[in-house]
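Peer 1: just the structure for this:
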Amino acid sequence: MPISTDPLGSKGETRIIGKGTETAEGPGPYVMAASTLEGDKVMCSDGKEAGKIKEIMLDVYTGRIAYAVMSVGGFLGIGDKLLALPWKALTLDTDRKCFQLSVSSEAVKNAPGFDKDHWPAMADVAWASELHEYYSTAPYWSSGARDLDTELDSDLDMPSGTVRRDEPHH
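Peer 2: Next up is the predicted model:
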């Protein structure tokens with residue numbers, strides 16, 4: 001019987017399916033080093049391989065995983081296209097040792113991407129909102145007990161040295 005932290009993904013967590021925790025000793029699959037996920041296959045909803053996980057991107061301020069960066073195409077890292085995948089669009093399949101992506105291979109082919117020398121500004125809310133909309137996922141900053149916009153605008157919650165959005169950047 002598959003296990004999951006939240007089978008419906010309703011709490012905003014990444015789904016985990018498979019028997020991984022029944023036999024796991026030590027870390028995984030609920031707590032894992034990000035480096036152990038790099039190179040994992042990503043399979044589309046139609047069963048085709050989409051690519052491989054290249055990076056795990058953290059929102060350092062909140063401590064949340066924001067995106068997985070997937071490498072698509074190319075040969076030995078040359079000419080590959082990179083895609084930022086909202087973390088919530090992925091399901092970890094511990095039996096197949098891969099991630100399942102909630103879109104088809106055709107959607108991946110047409111997805112907005114970038115190359116290794118021209119990364120997008122991943123903290124840009126407009127860029128991130130379009131990305132989450134493309135993958136039909138709620139933005140990672142909208143889940144949890146506290147609202148990120150409230151956190152960013154509150155002087156009490158801001159780390160020292162943080163520049164408020166309404167202050168000039170000099």
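
Peer 1: go through the chain and flag its longest helix.
Peer 2: helix 125-134 (DSSP state H).

Peer 1: buried stuff in stretch 126-140?
Peer 2: Using 16 or more other Cβ atoms under 10 Å as the test for burial, stretch 126-140 gives 128, 131-132, 134-135, 137, 139-140. Bear in mind the C-beta positions are built from the backbone N, C-alpha and C, glycine included.

Peer 1: equivalent analysis for stretch 104-120, please.
Peer 2: Neighbour-count burial for stretch 104-120 [16+ other Cβ under 10 Å]: 105, 107-108, 111, 113.

Peer 1: can I get these in CSV with secondary structure?
Peer 2: Converted to CSV, those look like this (DSSP: H, G, I helix; E, B strand; the rest coil):
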residue, secondary structure
105, helix
107, helix
108, helix
111, coil
113, coil
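
Peer 1: between those residues, which sits nearest residue 16?
Peer 2: residue 108 (21.6 Å; Cβ to Cβ).

Peer 1: give me the pLDDT for the closest one.
Peer 2: Note on residue 108: pLDDT of 93.

Peer 1: residue 126 and residue 117: what is the separation?
Peer 2: Distance from residue 126 to residue 117, counting by Cβ to Cβ, to the nearest Å: 22 Å.

Peer 1: so, low pLDDT: which residues of this protein?
Peer 2: 1-14, 19-29, 74-79, 143-170 (pLDDT under 70).

Peer 1: mind doing that once more with 90?
Peer 2: Counting by pLDDT under 90, the chain contains low-confidence residues at 1-39, 61-64, 73-80, 94-97, 102, 115-117, 122-123, 138-170.

Peer 1: looking at it, which strand is longest?
Peer 2: strand 49-59 (DSSP state E).

Peer 1: which residues touch that one?
Peer 2: 34, 37-44, 64-73, 82-84, 99, 101, 105, 108, 122, 140-141 (Cβ atoms under 8 Å, 6 or more residues apart in numbering).

Peer 1: all helices of this structure, in order?
Peer 2: 20-23, 34-37, 105-109, 125-134, 148-153.

Peer 1: next, count neighbours for the closest residue to residue 53 other than its chain neighbours.
Peer 2: Leaving out its chain neighbours, the residue that sits closest to residue 53 by Cβ to Cβ, 6 or more residues apart in numbering is residue 40, at 4.8 Å. A count of nearby residues for residue 40, using other Cβ atoms under 10 Å, gives 18.

Peer 1: repeat for residue 67
Peer 2: Residue 67 has 23 nearby residues by other Cβ under 10 Å.

Peer 1: check the one 3 residues further on too.
Peer 2: Other residues lying near residue 70 total 26 when counted by other Cβ under 10 Å.

Peer 1: thanks again, I'm all set now.
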